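[1] Dropping the sequence and predicted coords here.
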Amino acid sequence: MPILSREAAAMFKPTLLGLALGALALTPLAASAERIFVSNEKDNTVSVIDGASLEVIETIDVGRRPRAMAFSSDGSELFVAVGDDEAIDMIDLETLQVVRSQSSGEDPEVIRVDPNRPYIYVSNEDDNIVSVLDYERRTLVTEIPVGVEPEGLGISPDGRWLIATTETSNMAHIIDAELMEAVHHRLVGARPRHAEFTHDGREAWVSAEIAATVSVIDMVDSFDVEHTIRFDVPGVPRETVQAVGVQLTSDGRYGFVALGPSNRVAVVDQQTYEVLDYILVGQRVWHLALNEDETRLYTTNGVSGDVTVIDVENLTALQSIPVGRFPWGVIVQP
């Protein structure tokens with residue numbers, strides 16, 4: 001795929017959008033009734049996008065500086081980390097209203113939900129800990145010490161392992177969720193941001209923003225970094241290529257990596273770790289979410305204030321959807 005300059009991309013964008021709208025009219029991609037939730041960091045809101053019309057149908061007021069989101073294990077609530085309120089806001093998915101809030105510790109950024117217990121894992125950046133909250137009893141279960149400035153969290157499909165990334169330590173801390181302690185510590189690239197497990201739980205992919213890499217960690221035998229994926233977008237300044245959000249298809253085919261200010265999403269072969277393509281999206285792409293049938297990938301683009309819709313089969317950007325200011329997180333409800 002040819003890489004366009006920023007000037008050329010800006011000139012090409014209206015034509016691309018027109019083609020995308022035509023494609024949507026001719027294909028069944030927009031037929032699902034899914035809802036896409038987007039946290040807007042500067043507006044203190046969550047935008048709700050309808051998967052059929054690809055339009056914002058609701059805007060939910062939440063606490064200050066909303067970032068990561070996760071669904072409750074029963075699917076009835078959406079949890080939102082509101083960093084400046086040091087809390088987790090909980091949205092009823094029927095009424096789309098915040099119905100309660102739970103204290104989270106200082107500066108919560110990323111949250112994950114345990115698949116087996118009513119626990120929320122929270123990265124508390126200022127405290128160098130991962131907090132474990134019981135969202136049914138609304139209590140603090142425990143605090144797990146990790147490195148300096150914990151950022152990303154990833155949880156294995158069976159709930160056994162949790163990975164916390166620490167920005168200043170440049171580490172991936174592998175936490176035994178039964179023992180509630182970090183049992184392995186692995187050096188990864190500079191400023192690790194995100195951790196994502198493959199659907200079989202055999203690997204964890206850890207992105208590093210400054211290094212522009214993804215470290216692939218074996219989660220079965222050695223718990224070591226076994227592969228390092230590097231990104232270099234032709235024609236784009238090296239310092240703008242910053243690896244952040246990661247999504248992995250369940251069939252083991254693709255890995256998608258958001259590359260920040262380069263305005264690209266990398267497409268990676270999950271089996272060979274080869275970078276296959278770079279998809280041009282909005283400005284400062286931060287996080288990603290696949291829909292349930294994995295036909296679409298949604299990206300949050302912080303500077304342009306929109307969400308890009310990507311057709312996974314054809315690896316093409318179809319449409320951009322304006323949301324709030326500085327969209328950060330994205331999550332899809334079937």
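    In hand now; what should we look at?
[2] Near Arg238, how many other residues are there?
    Neighbour count of Arg238, defined by other CB atoms under 10 Å: 10. Every residue, glycine included, has its C-beta placed from N, CA and C.
[3] Tell me who's in contact with it.
    Ala212, Asp232 (CB atoms under 8 Å, 6 or more residues apart in numbering).
[4] what does the one 4 residues further on give?
    Contact partners of Gln242, counting by CB under 8 Å, 6+ apart, are Glu209, Ile210, Ala212, Leu259, Gly260, Pro261, Ser262.
[5] With distance to Thr165 as extra columns, can I get those in CSV?
    Below are the contacts of Gln242 laid out as CSV (distance: CB to CB, whole Å):
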residue, distance to Thr165
Glu209, 10
Ile210, 13
Ala212, 15
Leu259, 17
Gly260, 16
Pro261, 20
Ser262, 20
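[6] and stretch 248-258, which residues are buried?
    Buried residues in stretch 248-258, counting neighbours by 16 or more other CB atoms under 10 Å, are found at Leu248, Thr249, Tyr254, Gly255, Phe256, Val257, Ala258.
[7] wait, doesn't the fourth one sit right on Val268?
    Yes. The pair Gly255 / Val268 is scored as a contact, 4.0 Å apart, by CB atoms under 8 Å.
[8] hang on, the earlier thing: need the buried residues of stretch 248-258 in JSON lines (columns: pLDDT and secondary structure).
    Below are the buried residues of stretch 248-258 laid out as JSON lines (pLDDT from 0 to 100; DSSP: H, G, I helix; E, B strand; the rest coil):
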{"residue": "Leu248", "pLDDT": "98", "secondary structure": "strand"}
{"residue": "Thr249", "pLDDT": "98", "secondary structure": "coil"}
{"residue": "Tyr254", "pLDDT": "98", "secondary structure": "strand"}
{"residue": "Gly255", "pLDDT": "98", "secondary structure": "strand"}
{"residue": "Phe256", "pLDDT": "99", "secondary structure": "strand"}
{"residue": "Val257", "pLDDT": "99", "secondary structure": "strand"}
{"residue": "Ala258", "pLDDT": "98", "secondary structure": "strand"}
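[9] quick one: which two of these are the most distant?
    Within these, two members stand farthest from each other by CB to CB: Thr249 and Ala258, at 15.2 Å.
[10] Endpoint to endpoint, stretch 219-238 covers what distance?
    Terminal residues of stretch 219-238 are spaced 31 Å apart (CA to CA, to the nearest Å).
[11] And stretch 126-146, by the same measure?
    End residues of stretch 126-146 are separated by 11 Å (CA to CA).
[12] likewise stretch 281-288?
    Stretch 281-288: ends 12 Å apart by CA to CA.
[13] and if you look at stretch 80-90?
    Stretch 80-90: ends 6 Å apart by CA to CA.
[14] distance of Asp221 from Val267?
    Distance of Asp221 to Val267, computed by CB to CB, to the nearest Å: 28 Å.
[15] how much space is there between Ser72 and Glu136?
    Distance, Ser72 to Glu136, by CB to CB: 9 Å.
[16] just Ala208 next, same as before
    Distance from Ala208 to Glu136, counting by CB to CB: 35 Å.
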